[in-house]
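**Q** here's my sequence, what's the structure:
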Amino acid sequence: MVQSAMRHSLEVLREEARQLVLQGYIHRHQPIYILSCYLPPQIWTCLEYVLEEHNFLLRDRIDDLINQERWDND
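**A** Next up is the predicted model:
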């Protein structure tokens, strides 16, 4: 259940980042940390944990977050 919630949170964060990029509020080359300016502090704290669990660093680019490829049979 926790794993499912974390995955869902990551997908929600990716979609939020995509929308902010499309609307021109942020740019793909900016660090993931910029998302903290657009989310409530309580939510951001939880999402920091989710990002860490998926090996993202706050200095990674938004582009790394929204364009991550999936390899099902590696």
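**Q** output the below-cut-off pLDDT ranges for the chain.
**A** Scanning the chain with the threshold set as pLDDT under 70 gives 1-8, 68-74.
**Q** quick one: the helices in it?
**A** 2-22, 41-53, 62-66 (DSSP state H).
**Q** how far away is residue 29 from residue 11?
**A** According to CB to CB, to the nearest Å, residue 29 and residue 11 sit 22 Å apart. To be clear about C-beta, it is placed using only N, CA and C from the backbone, and glycine gets the same treatment.
**Q** make a markdown table from the helices of the chain and add mean neighbour count to it.
**A** Output for these, formatted as a markdown table (neighbours: other CB atoms under 10 Å):
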| stretch | mean neighbour count |
| --- | --- |
| helix 2-22 | 14 |
| helix 41-53 | 14 |
| helix 62-66 | 18 |
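**Q** so for residue 34, which of these sits nearest?
**A** Nearest of those to residue 34, taken as CB to CB: helix 62-66 at 7.1 Å.
**Q** phi, psi for the closest residue to residue 20 other than its chain neighbours please.
**A** Spatially, and ignoring its direct neighbours in sequence, residue 20 is nearest to residue 26 (4.7 Å; CB to CB, 6 or more residues apart in numbering). Phi and psi for residue 26, reported as degrees, to the nearest 10, are phi -130, psi 170.
**Q** what sits against residue 26?
**A** 17, 20, 34-35, 38, 62 (CB atoms under 8 Å, 6 or more residues apart in numbering).
**Q** how many neighbours does residue 27 have?
**A** A count of nearby residues for residue 27, using other CB atoms under 10 Å, gives 12.
**Q** in contact with it, which residues?
**A** Contacts of residue 27 (CB under 8 Å, 6+ apart): 21, 62.
**Q** how close does it get to residue 62?
**A** 7 Å.
**Q** so what sits against both of those two?
**A** Common neighbours of residue 27 and residue 62 (CB under 8 Å, 6+ apart) are residue 21.
**Q** give the contact list for the residue nearest to residue 48 when sequence neighbours are not counted.
**A** Excluding the flanking residues, the one nearest residue 48 by CB to CB, 6+ apart is residue 58, at 7.4 Å. By CB under 8 Å, 6+ apart, the contact list for residue 58 reads 31-33, 48, 51.
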